[in-house]
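Enquirer: Generate coordinates for the sequence data below:
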Amino acid sequence: MTITAAMVKELRELTGAGVMACKKALVETDGDQEAAIEILRKKGEATAVKKSGRIAAEGVVFTAVKDGKAAIVEVNSETDFVAKNEKFQTFVSNVANQILDSDAADIDAFMAEPWALDTTKTVKDELVSQIAVIGENMNIRRFKKIESDGVLASYIHAGGKIGVLVDADAPANDTVVAAIKTVAMQIAAMSPQYVSREDISDEELAKMREITIDSALNDVSSLPKPIQKDIFAEAFASDALNAEDKAVLEEKQNDKYLFNFLSKEAIAALAAIAMSKKEAIMANKIFNGLVEGRISKQLKEVCLLDQTYVMAADGKQTVKAYLAEVSKEVGATVALKSFVRFETGEGIEKKEEDFAAEVAKQMK
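Expert: Predicted coordinates for the structure are as follows:
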């Protein structure tokens with residue numbers, strides 16, 4: 001069957017997929033539009049078959065805190081314009097407040113429970129109604145709930161682009177609440193993954209170490225000089241490098257800019273030699289010191305208590321030291337128990353297409 005431009009145009013309007021993707025799908029299905037749509041869906045190309053099929057990667061994060069309970073939820077929309085819409089914001093607020101009193105353990109259970117403001121319908125029914133009224137696909141993507149007998153604090157950044165909940169074991173007074181609020185701001189800005197090093201499992205630490213070791217070995221230019229010399233010696237004794245690179249290596253092996261003169265192939269060959277000597281290099285004390293230093297640096301980035309406090313007057317004080325200071329001021333221990341950080345659209349692939357540009361490109 002001949003695939004016409006009109007058929008491609010119609011399929012493109014139905015799905016939002018690219019010109020060539022639509023044409024290829026129609027060719028594969030011999031012009032069967034429904035089958036072509038199915039192919040595009042499977043390949044992730046279809047973006048507008050219906051409102052509920054469109055990518056909703058914008059939206060807001062909202063928090064609610066009440067009576068020792070806190071909830072954080074992310075609700076997505078297709079555009080930032082709708083995310084700022086008053087109806088959308090009200091709906092998200094209502095969702096967050098319902099989560100506070102909900103026993104639902106996951107999204108599916110939450111979507112099936114009665115809508116608190118109209119129990120004749122479910123949360124899912126209300127979402128569908130809002131999609132019809134607002135005119136864009138929307139999605140209650142995820143939520144988290146915390147119950148605590150300590151101090152709960154929340155922080156919303158950039159109108160809902162980032163939301164944070166923090167749970168602390170501490171006395172509830174104005175000084176502590178203010179301090180935990182600033183820690184929530186820290187979490188929003190610096191995106192830690194753990195409260196402290198103790199929260200990292202042995203498996204995760206082992207994986208971090210393995211990645212750090214392999215990364216170091218694959219960057220021979222960063223290795224200690226004694227180790228480099230061993231790698232260079234093996235390179236000279238083998239055919240891993242061509243004659244030109246061997247000449248460069250022999251002439252400039254003590255030059256700090258050596259790797260600027262070597263070919264990409266030579267650099268890759270040296271990395272391969274380093275990886276082949278991995279076990280022996282790992283026994284080297286200097287190399288182990290390098291690895292430990294890099295791991296320590298990573299831990300300071302991913303562990304909240306190890307991070308430099310963003311409001312530190314000296315630019316050096318850690319979050320742990322700041323909380324110790326607050327503890328001393330209030331005469332009681334202020335300890336962080338957990339936190340939750342949601343960032344709108346994180347992990348969702350945003351697909352941007354320009355139909356006119358696509359057509360122009362295909363016409364060349």
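Enquirer: Next, count neighbours for the closest residue to K320 other than its chain neighbours.
Expert: Nearest residue to K320 in three dimensions, chain neighbours excluded: L305, at 4.0 Å (C-beta to C-beta, 6 or more residues apart in numbering). Every C-beta, even on glycine, is put in place using the N, C-alpha and C of the backbone. Residue neighbour count, defined by other C-beta atoms under 10 Å, stands at 22 for L305.
Enquirer: For L305, which residues are in contact?
Expert: L305 makes contact with V195, S196, T318, V319, K320, L323, L336, according to C-beta atoms under 8 Å, 6 or more residues apart in numbering.
Enquirer: I99 and K69 touch, don't they?
Expert: No: look at I99 against K69 with C-beta atoms under 8 Å: they stay out of range, at 9.2 Å.
Enquirer: quick one: common contacting residues for these two?
Expert: Both I99 and K69 are contacted by K145, under the criterion C-beta under 8 Å, 6+ apart.
Enquirer: These two - which one has more neighbours?
Expert: Neighbours were counted for I99 and for K69 using other C-beta under 10 Å; I99 has more, 24 against 15.
Enquirer: Please name the bridge partners of the residue lying closest to that one once chain neighbours are set aside.
Expert: Ranked by C-beta to C-beta, 6+ apart and with sequence neighbours excluded, the top spatial neighbour of I99 is A71, at 4.0 Å. Beta-bridge partners recorded for A71 (DSSP bridges): A64, K145.
Enquirer: got the contact list for A71?
Expert: A71 neighbours (C-beta under 8 Å, 6+ apart): T63, A64, V65, A96, N97, I99, L100, F143, K144, K145, I146, L165.
Enquirer: do you know how far the closest residue to the first one other than its chain neighbours is from K66?
Expert: Looking back up the chat, that one is T63. Spatial nearest neighbour of T63, chain neighbours left out: S154 (3.9 Å); criterion: C-beta to C-beta, 6+ apart. Applying C-beta to C-beta, to the nearest Å, the value for S154 to K66 is 11 Å.
Enquirer: Give the residue from the two that has the larger number of neighbours.
Expert: S154 (20 against 11).
Enquirer: The more buried one falls within a strand, correct?
Expert: Yes: assignment of S154 by DSSP: H, G, I helix; E, B strand; the rest coil places it within a strand.
Enquirer: these two touch, right, it and M185?
Expert: No: counting by C-beta under 8 Å, S154 sits too far from M185 to count as a contact (10.8 Å).
Enquirer: For these two, list the residues in contact with both.
Expert: Common neighbours of S154 and M185 (criterion: C-beta under 8 Å, 6+ apart): V164.
Enquirer: what kind of secondary structure is A168 in?
Expert: Using three-state DSSP, the structure places A168 in strand.
Enquirer: Excluding sequence neighbours, find me the nearest residue to it.
Expert: Distances taken as C-beta to C-beta, 6+ apart put V151 closest to A168, at 4.6 Å, once the chain neighbours are dropped.
Enquirer: any idea how far that neighbour lies from T63?
Expert: V151 is 15 Å from T63, where distance means C-beta to C-beta.
Enquirer: What are the boundaries of the strands in the protein?
Expert: 58-66, 69-77, 114-115, 118-122, 138-147, 151-157, 162-169, 335-343 (DSSP state E).
Enquirer: For G135, the count of nearby residues, please.
Expert: By other C-beta under 10 Å, 12 other residues sit near G135.
Enquirer: ok, now which ones touch F62?
Expert: I72, V73, V75, V92, S93, V95, A96, I156, G160, G163.
Enquirer: from those, which has minimum pLDDT?
Expert: Within the contacts of F62, G160 has the lowest pLDDT, namely 94.
Enquirer: That residue: neighbour count?
Expert: Using other C-beta under 10 Å, G160 has 20 neighbouring residues.
Enquirer: Point out where the stretch 151-300 of the chain drops to low pLDDT.
Expert: Within the stretch 151-300 of the chain, not a single segment meets pLDDT under 70.
Enquirer: no wait, the stretch 1-150 of the chain
Expert: In the stretch 1-150 of the chain, residues with pLDDT under 70: 41-56.
Enquirer: what's the distance between H157 and K328?
Expert: Counting by C-beta to C-beta, the gap from H157 to K328 is 29 Å.
Enquirer: Looking at the two, which one has more neighbours?
Expert: Legend: neighbour count by other C-beta under 10 Å for H157 and K328, higher for H157 (17 against 11).
Enquirer: so how far is A35 from that one?
Expert: For H157, the distance to A35 equals 45 Å [C-beta to C-beta].
Enquirer: What of A189?
Expert: Relative to A35, A189 is positioned 49 Å away (C-beta to C-beta).
Enquirer: and if you look at M311?
Expert: From M311 to A35 the distance is 59 Å (C-beta to C-beta).
Enquirer: what about A269, how many neighbours?
Expert: 21.
Enquirer: wait, doesn't it sit right on A240?
Expert: Yes: counting by C-beta under 8 Å, A269 does reach A240; the two are 4.2 Å apart.
Enquirer: Now do the contacts for N173.
Expert: Shown in contact with N173 (C-beta under 8 Å, 6+ apart): V330.
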